[in-house]
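>>> sequence first, predicted model second:
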Amino acid sequence: MRHRVAGKKLNRTSSHRKALAKNLMRSLLIEWQGKGHIVTTRSKAKFIQPRVEKLISLSRIKSVHNIRRAMSLIGDRKLVQLLFDEIGPYYKERPGGYTRLLRMVKPRLGDASVRAYLGYVREDDDYPEGDRRHGDSTGTAEQDKAAEEPQAATDTAEEEPTEESPEVDDADSGAEEPQAATDTAEEEPTEESPEVDDADSDSEEDSATEDDSEEDAAKDSK
């Protein structure tokens, strides 16, 4: 039964675990003026996050008692001064949730352990490379203009074929001309049809004369 036994042991002795927590808290406080986050294993980040949250809550009220408590946990006068002069006043109106913990996609190269990003929650913070929010726009005017320019270029590209549509119509009209010529060519033989009729009438006259000659020959024989 593990009654009243809180926290993780991290496979370390008590002295090693306390030194680890102190070093990680120092590293995170130093990064307040730097990139604003540290990268460590996920188990260590989950172990250190509640301690950092309590330390920042302590720094919101600057008093001798709170400064001595922070000094006993950190053991560095410059970092304690930074904590109470900058970090505490920054989060004075925020009732908790001063840090964020994000699991990173790529594991550690040495032993493939899961890495995590532990950083401050503030307006000018930077997200790690593995986070999907890395590089998102904040809605500035320049970024809005850059986003509108490609859209305008695509709109003009779509309008260009509609302007060249008359040329396509001319090609269609040119294609219709040969068809009209073929229609006229088909109609020409119909104009020559009377000649065909004349030839038929001549043949009929020849046949009539032959009939008359045969009748005269029959009469002569009689």
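Noted; the coordinates are in hand.
>>> buried residues in the helix or strand containing Gln49?
In this assignment (DSSP states H and E), Gln49 forms part of helix 42-59. Buried positions in helix 42-59, judged by neighbour count with 16 or more other CB atoms under 10 Å: 42, 44-45, 47-49, 51-52, 55-59. C-beta coordinates here come from the backbone N, C-alpha and C atoms, glycine included.
>>> now do stretch 88-103
Taking 16+ other CB under 10 Å as the criterion, stretch 88-103 shows 88, 90-91, 98-99, 102 as buried.
>>> give me the subset of these that lies in helices.
88, 90 (DSSP state H).
>>> which outside residues touch stretch 12-26?
With CB atoms under 8 Å, 6 or more residues apart in numbering as the test, stretch 12-26 has contacts from 9-10, 38, 40, 44, 47-48, 51-52, 55, 73-76, 79.
>>> who does the host helix or strand of Val80 touch, helix- and strand-wise?
Per DSSP H and E, Val80 falls inside helix 77-82. Applying 3 or more CB pairs under 8 Å, 6 or more residues apart in numbering; DSSP states H and E, one finds that helix 77-82 contacts helix 14-30, helix 64-74.
>>> now do 10 Å
If contacts are counted by 3 or more CB pairs under 10 Å, 6 or more residues apart in numbering; DSSP states H and E, helix 77-82 sits against helix 14-30, helix 42-59, helix 64-74.
>>> checking the nearest residue to Leu28 once chain neighbours are set aside next. Helix, strand or coil?
With sequence-adjacent residues excluded and distances taken as CB to CB, 6 or more residues apart in numbering, Leu28 is closest to Ile38, at 5.4 Å. Secondary structure for Ile38, judged by DSSP: H, G, I helix; E, B strand; the rest coil, is strand.
>>> show me what contacts Ile38?
Taking CB atoms under 10 Å, 6 or more residues apart in numbering, we find Ile38 in contact with 24, 27-28, 30-31, 44-45, 48, 116-119.
>>> and it, what pLDDT?
The model reports Ile38 with a pLDDT of 95.
>>> let's verify the closest residue to Tyr90 other than its chain neighbours: helix, strand, or coil?
Counting by CB to CB, 6+ apart, the nearest residue to Tyr90 once its immediate chain neighbours are dropped is Arg122, at 7.0 Å. With three-state DSSP as the basis, Arg122 sits in coil.
>>> make sure Arg122 is actually in contact with Tyr98.
Yes. Counting by CB atoms under 10 Å, Tyr98 is a contact partner of Arg122 at 8.7 Å.
>>> shared neighbours of the two, anything?
Between them, Arg122 and Tyr98 share these contacting residues under CB under 10 Å, 6+ apart: 87, 90-91.
>>> just give me the neighbour total for Val121.
Around Val121 there are 12 other residues, counting by other CB atoms under 10 Å.
>>> pretty sure it sits against Leu102.
No. Using CB under 10 Å, Val121 makes no contact with Leu102, being 11.3 Å away.
>>> ok, back up a step: the helix holding Val80: which residues count as buried?
In terms of neighbour count (16+ other CB under 10 Å), helix 77-82 has its buried residues at 79-80, 82.
>>> kindly indicate which of the residues you listed lies nearest Arg4.
For the buried residues of helix 77-82, the minimum distance to Arg4 (CB to CB) is 29.9 Å, reached by Val80.
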